[in-house]
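A.B. asks: only geometry, no sequence info:
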């Protein structure tokens, strides 16, 4: 089979971390209803996964299923779900001091902190959400400091972060508003100070980048010139300035959302609006800026900066044509993690069409996160990540009955 | 152990007693209703009465504050002059009962001591808190509002009816459920496990926690004996002690103990305490009830449970599971659900039953756990919890099946009055949220430093 050889070749290049598992990553998943998220759902469809990648998708009978594949079936099959923003793996299940790695409080601006250094791939919450069909999470440092650190994208598998990694560095987490405010003589104590500090830091990063560029140029000349000493924080922000990383701005109040949009314009940087409780007040501005929204969990608590959140925001943003993904968010207490499946379900119950609600935790999330070449839909060549349900996935009485990641069956528990 | 909750000897609440003679007179006139009450007849809904099987094409007749009849649609039985309300295609079930809520700005015991039974949560409640409106939007009609779980004994709870119509309540007193002496009904909130473990005067261990609690109940027993010996002679009565008085009520069975407890060994500690002091106790949360379900069943103690989206958040809840309801149901334990609002949102309380079914509970037990089992746990089952003639006309009109995520609460009725209507913009705001929907409300997050900071 030629396409299989090509896939194998592709896999061995791009998928080196899973080499040892390729031999077993073969499965055919049949569903009475297969939501590919690439076109209409397929009735009585089958998804063939070979060597960890999707090799074929189509109605049963039109797709050849190689002999020897493991077979799974379920009422409903969807792509593995994507949680567009969480702190899983950093904010541990037990919630005591030594399993909480999501927020470093020693300074308000620490963009150098890498998510992969803080990720516990074996925290039980990861398996917990995976059991409901979540296969990819964008996770990392939490909201709560002006700039708390970096984020990354992982699959919900692996004993180590290396086995889980999809994108080791994706965004820099930034918080505006109450979450970033300090008390007493500490800064930032006000919104004005927050923006002033952010702008000053980005300007420093611009200068650092300029010096770096000059330094590199000058060293090529005989008289020479030293590049500036390495500064990990400014390096990370310089990556934001160059568009290599996105600034993930947690901003709930309309004031903070407007501030984030202004900052993006001034520095010509890419931002994602995160949480964005009052985004429905600024739909035109957000749309004009071309900024996606990684919306708070639908059932998030309405308190302080999020006090005006609405169950209907996802529906309103999607109706306006704004790219929207849903997230489980960060929880300081109970539940220690939400489940995006349940949050999308609530959005579907409050005005968002079923397919659109499913898109907020699959293909639309993948597009926003920039990983849609790999995950988010059931299409040939994409990763073999699937979730199986015994009924409408959004009904709380349905169960997730199987989860496949990279072609591996990682759960067949009835959840 | 004698821990039977069912109130064979409990005092009948006054609001029932007042109406009882009227009920005997065929229940045609309710005391609080106008002299000539016009019946309201809800026709063609699918009715889930809880007390009996579901009725596909049902009819509910309400007069004044009470239910007159529940049954299949019968046009001949519609009283002349009644207001007929067609609710075809909708579902009608009893108002939901939350056996454990923290809405309204709770504040009972303070940080000065771990045992403060004389303090009452009622004194801190703010009737204008939007939490009440959101509870109505979720179809809740009766709540047990409790102080937090950061103390061994954090104070007295209050049972309230969300009587938000015809006039909005002016003070919390308008919502209270009272006994036949006019005293507000409520329980006593207790907790064990990790929440109250701090530095002195708080307990540092579970052993010390139990010691401190037993010491107080023993004092209360001595106090009770002195009062009895005085036999009404004022000269011989001990000085009044509000804390001990409350504990005496708990030992007499007139005040149910609502006990926060998670871990299996903490659950067993509660059963031991209840046995020693003859407390009528309800086990709340019980993350690890699945480990000691048969012991709970043997003690004949009911559970008020909560299903959270994920385990953990605190050490004692790390073994929380979705199938706790199933395990308890199969063991024969009475189970009700609670919101623990702010922990979960009252607006989506029906979701708790759906998750219970997901975890293997029967549909029947799960729906009962939102309604009649809750009433029984609060000792209010004579008046609320099911749609039966003579009970309070507390019910919800749903757009679909109560276990479906797509179902909305369309209307909530309390004592024959419509207190929530999703079609009214001011009500809809509280149902879905939006600008101005959450003012005047403080979340309660016990024992969580980060949560406390954000208040």
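C.D. replies: Great, that's in hand. The structure displayed is predicted, hence computed values, not measured ones.
A.B. asks: Quick check: which ranges of chain A have low pLDDT?
C.D. replies: Where chain A drops to pLDDT under 70, the residues are A:1-24, A:216-225.
A.B. asks: and if you look at chain B?
C.D. replies: B:1-36, B:439-455.
A.B. asks: I figured residue A:277 was touching residue A:309, is that so?
C.D. replies: Yes - using Cβ atoms under 8 Å, residue A:277 is in contact with residue A:309, at 3.9 Å. No exception for glycine: its C-beta is placed from N, CA and C like everyone else's.
A.B. asks: okay, the two: which has more neighbours?
C.D. replies: The neighbour count for residue A:277 versus residue A:309, taken as other Cβ atoms under 10 Å in any protein chain shown, is higher for residue A:309 (30 against 27).
A.B. asks: So for the longest helix seen in chain A, what gets flagged as buried?
C.D. replies: Within chain A, and with DSSP state H defining each element, the longest helix by residue count is helix A:191-219. The neighbour-count check on helix A:191-219 (16 or more other Cβ atoms under 10 Å in any protein chain shown) flags A:191, A:193, A:194, A:195, A:197, A:198, A:201, A:202, A:205, A:208, A:209, A:212 as buried.
A.B. asks: cool, and stretch A:72-79?
C.D. replies: So stretch A:72-79, judged by 16+ other Cβ under 10 Å, has buried residues A:72, A:74, A:75, A:76, A:77, A:78, A:79.
A.B. asks: quick one: contacts of it?
C.D. replies: Outside of stretch A:72-79, the residues within contact range by Cβ atoms under 8 Å, 6 or more residues apart in numbering or on different chains are A:27-37, A:45, A:47, A:133, A:358, A:362-363, A:375-378, A:385-393, A:398, A:401-402, A:404, A:409, A:412.
A.B. asks: circling back: find the residues that touch each one of residue A:277 and residue A:309.
C.D. replies: A:252, A:296, A:300, A:302.
A.B. asks: and which of these is nearest to chain B?
C.D. replies: Nearest to chain B out of the shared contacts of residue A:277 and residue A:309 is residue A:302 (Cβ to the nearest Cβ; 4.0 Å).
A.B. asks: Could I get the full set of strands for the stretch 101-250 of chain A?
C.D. replies: All strands of the stretch 101-250 of chain A, identified by DSSP state E, counting those that start in this stretch, fall at A:134-140, A:147-155, A:165-175, A:246-251.
A.B. asks: picking that back up, and the two most separated of the buried residues of stretch A:72-79?
C.D. replies: A:75 and A:79 (15.9 Å; Cβ to Cβ).
A.B. asks: re the thing from before, looking at the strands of the stretch 101-250 of chain A, which is buried most?
C.D. replies: strand A:134-140 (a mean of 29; mean count of other Cβ atoms under 10 Å in any protein chain shown).
A.B. asks: got TSV for the shared contacts of residue A:277 and residue A:309, with neighbour count, distance to chain B and secondary structure too?
C.D. replies: Shown next, in TSV, are those (neighbours: other Cβ atoms under 10 Å in any protein chain shown; distance: Cβ to the nearest Cβ, whole Å; DSSP: H, G, I helix; E, B strand; the rest coil):
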residue	neighbour count	distance to chain B	secondary structure
A:252	28	12	coil
A:296	27	11	coil
A:300	21	9	coil
A:302	24	4	coil
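A.B. asks: Show me which of those residues is closest to residue A:51.
C.D. replies: Of these, the one sitting nearest to residue A:51 (Cβ to Cβ) turns out to be residue A:296, at 37.8 Å.
A.B. asks: longest helix of chain B?
C.D. replies: Chain B, longest helix under DSSP H: helix B:206-230.
A.B. asks: Show me which positions of it end up buried.
C.D. replies: Across helix B:206-230, burial judged by 16+ other Cβ under 10 Å covers B:206, B:208, B:209, B:210, B:212, B:213, B:216, B:217, B:220, B:223, B:224, B:227.
A.B. asks: Show me where chain A has its helices.
C.D. replies: A:2-14, A:124-130, A:161-164, A:191-219, A:232-241, A:254-267, A:283-289, A:313-319, A:340-349, A:354-359, A:363-369.
A.B. asks: filter the contacts of stretch A:72-79 to the buried ones?
C.D. replies: For these, buried by 16+ other Cβ under 10 Å: A:27-31, A:33-37, A:45, A:47, A:133, A:358, A:362-363, A:375-378, A:385-390, A:392-393, A:398, A:401-402, A:404, A:409.
A.B. asks: and these, which of them are in strands?
C.D. replies: A:27-31, A:33-34, A:45, A:47, A:386-389, A:401-402, A:404, A:409 (DSSP state E).
A.B. asks: Kindly report the residues of the stretch 151-300 of chain A close to chain B.
C.D. replies: Proximity of the stretch 151-300 of chain A to chain B, by Cβ under 8 Å from any Cβ of the partner chain, involves residues A:178, A:278, A:280, A:281, A:299.
A.B. asks: Could you check how far the nearest residue to residue A:147 once chain neighbours are set aside is from chain B?
C.D. replies: Among residues not flanking residue A:147 along the chain, residue A:109 sits closest, at 4.5 Å (Cβ to Cβ, 6 or more residues apart in numbering or on different chains). Per Cβ to the nearest Cβ, to the nearest Å, residue A:109 is found 20 Å from chain B.
A.B. asks: Show me the strands in the stretch 51-200 of chain B, by range?
C.D. replies: B:55-63, B:66-72, B:83-86, B:91-94, B:96-101, B:140-145, B:153-156, B:158-161, B:188-191.
A.B. asks: List the neighbours of the longest one that are in contact with it.
C.D. replies: Pointing back at strand B:55-63 there. Contacts of strand B:55-63 (Cβ under 8 Å, 6+ apart): B:27-30, B:33, B:37, B:39-49, B:67-74, B:77-79, B:82, B:92, B:387, B:393, B:395, B:413, B:416.
A.B. asks: List the neighbouring strands of it plus their orientation.
C.D. replies: strand B:40-47 (antiparallel), strand B:66-72 (antiparallel) (DSSP bridges).
A.B. asks: Give me the buried positions along that strand.
C.D. replies: Residues of strand B:55-63 classed as buried by neighbour count (16+ other Cβ under 10 Å): B:55, B:58, B:59, B:60, B:61, B:62, B:63.
A.B. asks: For residue B:240, see how far away residue B:234 is.
C.D. replies: Using Cβ to Cβ, to the nearest Å, we find residue B:234 at a distance of 11 Å from residue B:240.
A.B. asks: Those two - which one has more neighbours?
C.D. replies: residue B:240 (9 against 6).
A.B. asks: and that one, how far is that from residue B:213?
C.D. replies: Applying Cβ to Cβ, the value for residue B:240 to residue B:213 is 22 Å.
A.B. asks: Check residue A:407 too.
C.D. replies: To residue B:213, residue A:407 is 55 Å away according to Cβ to Cβ.
A.B. asks: How is chain A divided into domains?
C.D. replies: Taking automatic domain parsing as the criterion, chain A consists of the domains A:2-80+A:381-411, A:92-369.
A.B. asks: End to end on the last one, go ahead and measure it.
C.D. replies: By that I understand domain A:92-369. 23 Å (Cα to Cα, to the nearest Å).
A.B. asks: do stretch B:395-409 as well
C.D. replies: By Cα to Cα, the extent of stretch B:395-409 from end to end equals 11 Å.
A.B. asks: Pull the distance from that stretch to the chain's centre.
C.D. replies: 20 Å (Cα atoms, centre = their mean, to the nearest Å).
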